[in-house]
Structure formats: structure tokens, C-alpha cells
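Peer 1: structure, please.
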Amino acid sequence: MLGTGGFGITYGAYDSRLERRVAIKEYFPSGLAYRGSNGTTLHLSAQTDGDAYEYGLKRFLEEGRVLAKFREPSIVRVTQFLEANGTAYLVMDYEDGEALSSHLERVVTLEETEIKDIVVPILEGLNVVHSKQYLHRDIKPSNIFLRKKGPAVLLDFGAARRALEEQSSAMTVMLTPGYAPFEQYSKGDKQGPWSDIYALGATMYHCIVGAAPTPATDRLTSIYDDEPDPVAHALRIIAPRCSPVFIKTIEWMLKPHAKDRPKDAKAVLNVLSPVRKAGKQKSQPAARTIMATDTDIDILLPEGAAETVFMPRGSGGAPFVCSPEMVAALEDVLEGFVGALARRVVAPAVPKAANFDELISFLAGFILTDGSQARFTDKVNALREAEREGSLPKVSDVERRRIADAPSQQQLDLDEGELKSAEQNLAHHIGPIARIIVKRAHAECTTRDAFYDRLAEELTDPVERDEFLSSVN
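Peer 2: Model prediction:
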């Protein structure tokens, strides 16, 4: 047995005629059937379950017919399907590797480039699936398989159906909280490719944050109560680890309302796929900034190219010179939009930028709304004018040294026990994301007091903040 789910069991097997390993998925809906005394035949748990069992069996065989049509490397390949023993079986190619969920249990988070390497092939496969009017409806880390050789593959289309052309009143609502979009909670709301896009965005979120997103229903409750969206808040915290366009793409895919999300996989590929290709190119044409269709992501497009391409930070030439006065002024301005995070991102970003405009574009990426980004840009333009006039405030020698040393601070020495305790205390207030916050604060802070002050910044309630600080002193 390789794995189990609510509607089936997957086994490792051997095809003696073709002399190769295969995987066989058996239709076995939990709660509706049980194994007979011969160890193979399925029987109904209750006669009243007959209609539900038969409907599920029909959908299971439909899954086989659907998957047998696809030959994309990132979609699990079904070679045959059959009925026997009161149930049905799908015979699939056997893949050597592990589920993304198992991988994440060990490593917790992945780097941006690792996530793109997984997600881009999945998007390419989804683009084909969606073009044939099918949906997956259950994308999550446990349904993405990491091959030892070759691209990641999307498994378990057990919830797949021709949803773009039909709606079935017989199908009950089946979903995985955290990965399912809001429209999937009701049979009455129209689902489409954008629903799979949300689930894939939630999977990317899990890879970068270390935990599944807050369920869509809870997110909307927070928004309607005029409270911060917990997903947007977590992405803001994690943003320094990634390029702004990557964070914005995940945010776009995870928009609570379907109308605000990418309409199909191609829209996301237009943002992410060129990033993957650009790294392999020896040179890049001159770029101009444009607005991508249906999103607020700023993207660089090579002159004459048909695709959107994001150029990495510091992609050309030697680092430009940014005076300590300007760095300090930029920190002050950005702090008004993102808080204390500004003090940790501006100075380290300077040596990685090719020019001032690239630096400002990078910093603006930490601001999640267009209006605030525009205000930030206006303030930066005022700073540039002040610098030309020689009226930027002077900085002290201490401040100059802090700015110069920002990229190479020494790591704080805390033992594993104290780090674990800090994580547990913080998790009491903000949940699993505490693991990531503690890890980042440990890497960024140079003193114990600064470390705990950094953790306390995540608590907006003064009472909770005091409670947390008292627990660690």
C-alpha cells in the first residue's frame, strides 16, 4: 500500500507482462463499503448507500477516462482501468519519489526557486487539463508528487469532473480546508480554473510560510469584520525571503473572491514561467516596466517579447552608490508603510540592486496595495529632489556604521531549547507561522533583547505583547 484517501487506496504492483512496476488505485469509499472475507471483494455497508456508492464508482471510472487522455509529464498517467470485485481500479505509471507533503514535513519551507521548479510544470499540466474543460478540485501538497527524476506530477483527480459544462446535484461538497477556495464550499457557486489556481496558490503559500493558509471562510470573516486578512499578513512577514513579484503572484492567486484571481493557469504561467527561463539565458534585452493583465504586479518585459519576464535583483553591472543619508531616509519613509520591517530590508537591498529605480521597485514590493505604493513612490520622489538640493538630513557616524554593516551582521547565539521555547510562546498567539518568525529573527538579530523585541512586533495587542515578553524574561 502506497497511500489512502477518502475514496481509494493506492498500491504498488508489478505488471508481469510488461515487466515494470505500476501503481494501482482501488475505488474504496470509506464509510460506504467494507472488505469481504475473501480479502478482495467490496460490499456495501448499508443497502441505503447503494446509490451513493454507484455514483462514486461512476465518477472514479470517469477519472480514469479523463486521465487516460493526457500525456503531459506533470499529470499522472493512467494506462488502463477496469471493474472487478465489486469495485474498480486504475492502473498508473509508478513514480519513484515522495509527496510534497512528506518533503515539507522534513524541511518545513522551500526557497522561491525550488517552489517555481515544482509549480511551473504543474501549471503547464493544469493549462492542458483546463483547456479540456476539466478541473482537479483538490490540489494540495499531498497530491503533488516529487519525482526523483523529472518534473513534479499532479496526482489524485478523484474530485475531477466536467465542471465547466455541467453541475451535478448528486455530488456532495468535498474539500480540504486551507487549500479550498470559498466558492468550493457551496454547490451553488460556480467553480472554474480559478478554483484550482487558488488551491495551487495555497500550496505555494504552504511551501514558503511553513503551514497551510487560514481557511477561506475564516479569511472572509476577518475581512468582513474589518480585521486584517491573516493570509496577507503572513505574506507581508515572509516577503523579505522572496522577490516582490513572487509574493504578489501568490497573493493574486489567493484572492478570496474568484473574480479577483487569475482566470486560468496561463495567466500565472505568464508571470512565473519566464522567471524560470530567464535564469538560463546568458543575456537579457533591455526592459521596460508594464502592468500585467488582470493583476497589479509590476513586471519587466523585454523589448519586443510576447511574454512577461521578471528580471532578478542586481542582474547587471556593479552595485550603484546610495548615500547613507538616502538609505536612512528610505528606511524612515518605508517604515510608515510596513513598520519596523523597513530597518531590516533597505540597507541589505542596496548592494543587490543595479540602480535606484530597481531598488525602489524592490522596496515597493513589500507594500501590498496600489494606493500605498503610489504614496510611497511620491515620497521617494520628494527624497530624490531633496538629495539633489543637498537637504537630506545628515546621519551620525553610528548610523553610517549600522548601514554599512547591515548585510553582514553576526548571527545571535541562542541554544535550541530557548529557540523552541520562544517558538512555542509565540505560536500561542499567532499559530504555526511562529516557527518561521523565530527562524528569521534568529538570523537577523544580533542581541537577545533585539530578538525578543522582533518577535513581539508580530503581536498587535499590547496585552498579548506584554504577556509574551514577560514569558521570556
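Peer 1: tell me how far the residue positioned nearest the centre of the chain lies from Arg241.
Peer 2: Ranked by distance to the mean C-alpha position of the chain (C-alpha atoms, centre = their mean), the top residue is Met204 at 1.9 Å. Taking C-beta to C-beta, to the nearest Å as the measure, Met204 falls 13 Å from Arg241. (Each C-beta comes from the backbone N, C-alpha and C, glycine too.)
Peer 1: find the nearest non-adjacent residue to the residue nearest to the centre of the chain, please.
Peer 2: When the adjacent residues along the chain are set aside, Met204 lies closest to Ile250, with 5.2 Å between them (C-beta to C-beta, 6 or more residues apart in numbering).
Peer 1: okay, and the one you found sits in which element?
Peer 2: Applying DSSP states H and E as the criterion places Ile250 in helix 244-253.
Peer 1: for that helix, packing partners?
Peer 2: Other elements packing on helix 244-253 under the criterion 3 or more C-beta pairs under 8 Å, 6 or more residues apart in numbering; DSSP states H and E are helix 193-209, helix 230-238, helix 265-278, strand 298-302, helix 356-364.
Peer 1: most tightly surrounded among the ones you listed?
Peer 2: Mean neighbours per residue, mean count of other C-beta atoms under 10 Å, is largest over those for helix 193-209, with a mean of 25.
Peer 1: shouldn't Pro29 be within a helix?
Peer 2: No. Per DSSP: H, G, I helix; E, B strand; the rest coil, Pro29 lies outside any helix segment and is coil.
Peer 1: so Pro213 sits against Tyr205, correct?
Peer 2: Yes. Counting by C-beta atoms under 8 Å, Pro213 does reach Tyr205; the two are 5.0 Å apart.
Peer 1: these two touch, right, Ile24 and Val91?
Peer 2: Yes. Ile24 is within contact range of Val91, at 5.5 Å (criterion: C-beta under 8 Å).
Peer 1: which neighbours do those two share?
Peer 2: Common neighbours of Ile24 and Val91, using C-beta atoms under 8 Å, 6 or more residues apart in numbering, are Ala13.
Peer 1: was I right to think Glu95 contacts Ala23?
Peer 2: Yes. If you go by C-beta under 8 Å, Glu95 and Ala23 touch, sitting 7.5 Å apart.
Peer 1: in the stretch 51-200 of the chain, which spans are helices?
Peer 2: Counting by DSSP state H, counting those that start in this stretch, one finds helices in the stretch 51-200 of the chain at the ranges 100-107, 112-131, 193-209.
Peer 1: could you dump those helices to TSV with distance to Glu325?
Peer 2: Shown next, in TSV, are the helices of the stretch 51-200 of the chain (distance: least, C-beta to C-beta, whole Å):
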stretch	distance to Glu325
helix 100-107	41
helix 112-131	32
helix 193-209	34
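Peer 1: go through these and name the closest to Tyr11.
Peer 2: For the helices of the stretch 51-200 of the chain, proximity to Tyr11 was assessed by C-beta to C-beta; helix 100-107 is nearest, at 17.8 Å.
Peer 1: per-residue confidence for Ser131?
Peer 2: As predicted, Ser131 sits at a pLDDT of 89.
Peer 1: and what of Ile247?
Peer 2: 92.
Peer 1: quick one: it and Leu235 touch, right?
Peer 2: Yes. Counting by C-beta under 8 Å, Ile247 touches Leu235, with 5.5 Å between them.
Peer 1: so, low pLDDT: which residues of the stretch 351-473 of the chain?
Peer 2: Within the stretch 351-473 of the chain, the stretches with pLDDT under 70 are 352, 365-370, 398, 401-412, 431-433, 436, 440, 443-444, 473.
Peer 1: could I get the full set of helices for it?
Peer 2: Using DSSP H, counting those that start in this stretch, helices in the stretch 351-473 of the chain cover 356-364, 370-388, 397-405, 416-430, 434-444, 448-456, 462-472.
Peer 1: returning to that earlier point: may I have the helix holding Ile250 exported as PDB, CA atoms only?
Peer 2: Extracted in PDB, the C-alpha atoms of helix 244-253 (Å, rounded to 0.1, in the frame of the first residue of the first chain):
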ATOM      1  CA  PRO A 244       8.200  41.000  -4.600                       C
ATOM      2  CA  VAL A 245       6.700  39.700  -7.800                       C
ATOM      3  CA  PHE A 246       6.600  36.100  -6.400                       C
ATOM      4  CA  ILE A 247       4.800  37.300  -3.200                       C
ATOM      5  CA  LYS A 248       2.400  39.300  -5.300                       C
ATOM      6  CA  THR A 249       1.700  36.300  -7.500                       C
ATOM      7  CA  ILE A 250       0.800  34.200  -4.500                       C
ATOM      8  CA  GLU A 251      -1.400  37.000  -3.200                       C
ATOM      9  CA  TRP A 252      -3.100  37.300  -6.500                       C
ATOM     10  CA  MET A 253      -3.800  33.500  -6.700                       C
END
